[in-house]
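Visitor: this one's structure only:
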């Protein structure tokens with residue numbers, strides 16, 4: 001079974017909140033690269049997002065998908081890892097959990 005979650009627009013955003021730049025899991029690479037917030041507050045991340053793949057990938061690929069995939073050759077997880085980036089998740093009861101991106105992927109493939 002394949003479930004398309006692309007219509008969940010509440011998971012697509014780039015905003016400043018509580019002193020952090022927050023990027024939703026369904027934010028497309030193009031949207032991050034061209035947001036008003038990211039280039040000003042985290043220019044390196046915005047630059048990397050604007051260089052990923054080709055235009056088709058940048059317009060369809062999501063930040064959450066790239067990070068969750070955990071490919072050691074991928075630019076975005078590598079850019080997030082040495083920074084203070086955190087991944088936030090929420091379960092169906094509303095309980096939130098924060099994980100540093102340096103410990104998000106524990107695959108043996110990760111350098």
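Guide: Here it is on my side, so go on. This one's a predicted model, so the numbers in the text were calculated from it and none came from an experiment.
Visitor: how about the strands in this protein?
Guide: Taking DSSP state E as the test, the strands found in the chain are 14-17, 20-23, 86-90, 96-100.
Visitor: So residue 13 sits against residue 24, correct?
Guide: Yes: judged on Cβ atoms under 8 Å, residue 13 makes contact with residue 24 at a distance of 4.4 Å. C-betas here are computed from N, CA, C, even on glycine.
Visitor: Spell out which residues are contacts of both of those two.
Guide: Taking Cβ atoms under 8 Å, 6 or more residues apart in numbering as the contact rule, residue 13 and residue 24 touch no residue in common.
Visitor: can you tell me which residues contact residue 30?
Guide: 49-50, 55, 58-59 are the contacts of residue 30 under Cβ under 8 Å, 6+ apart.
Visitor: Distance check, it against residue 3.
Guide: 23 Å (Cβ to Cβ, to the nearest Å).
Visitor: follow-up on the earlier one: among the contacts of residue 30, which one has the most neighbours?
Guide: When neighbours are counted by other Cβ atoms under 10 Å, residue 49 leads these with 29 neighbours.
Visitor: so who does that one touch?
Guide: 29-30, 32-33, 38, 58, 63, 76.
Visitor: For it, give its distance to residue 93.
Guide: In terms of Cβ to Cβ, residue 49 sits 32 Å off from residue 93.
Visitor: Check residue 67 too.
Guide: Residue 67 is 23 Å from residue 93, by Cβ to Cβ.
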